[in-house]
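# predicted model and sequence follow; I will ask about them next.
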Amino acid sequence: MKPCVIFTALALGGYPGTAMGVAQSATLPGVRSATAPEILEKRDAFTCYGSTNTSVSDCQKVISSIQAGAEQNFTLFSNICAVWTEGTCNVRLCAQPYVTRPVNRTAAWLATYINSPMLDGCISGGKKGVISDHPNINSHAGTYRLWVS
């Protein structure tokens, strides 16, 4: 896996454990996208990969902190990430490089996608997970990546 460099600064008006940063996309060798459960939009794909000792309860705390601001909107510009960390759980929502318009997502959307399929399908099975709005998760195609590890 290519190293991922994140420069982090505290987000203004954010929640504890929330930060904004700049990231380079990581390439996941051998990752293939899978068709997601019906709660994902038709164009979205996710995959579980590698192994992790991430605690489900830590990720549930991240979900709770995101849900506390359920009406909050996140606007991310090209190559910018919103990052949440709680114990062993790390969540990153990143706008892909080269997007020409900001990526807009709500806290409710984010909490839903972290919970299922990421938490239910990947983390609970000891794997990391990533969701994309493009089936080629390893490429720069699409507008976002949601990583849970």
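That came through, no problem. Residues are numbered from 1 along each chain as shown.
# switch to C-alpha atoms for all contacts and neighbour counts from now on
Will do.
# verify the stated contact: residue 114 with residue 131.
No - Residue 114 lies out of contact with residue 131 (C-alpha atoms under 8 Å); the separation is 9.1 Å.
# identify the bridge partners of residue 91.
Per DSSP bridges, the residues bridged to residue 91 are residue 84, residue 148.
# who's in contact with it?
Shown in contact with residue 91 (C-alpha atoms under 8 Å, 6 or more residues apart in numbering): 62, 83-85, 146-149.
# where does this structure dip in pLDDT?
1-43, 70 (pLDDT under 70).
# one more time with 50
1-40 (pLDDT under 50).
# so which bits of the top helix by length along it are buried?
Selection of the longest helix in the chain by residue count, based on DSSP state H, yields helix 56-67. Buried residues in helix 56-67, counted by 16 or more other C-alpha atoms under 10 Å: 56, 58-60, 62-63, 65-67.
# helix or strand right after it?
strand 73-76 (DSSP states H and E).
# now that following strand - C-alpha only, CSV.
Extracted in CSV, the C-alpha atoms of strand 73-76 (Å, rounded to 0.1, in the frame of the first residue of the first chain):
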residue,chain,number,x,y,z
ASN,A,73,-23.3,19.3,6.2
PHE,A,74,-19.8,18.6,5.1
THR,A,75,-18.4,20.4,2.0
LEU,A,76,-15.1,19.0,0.8
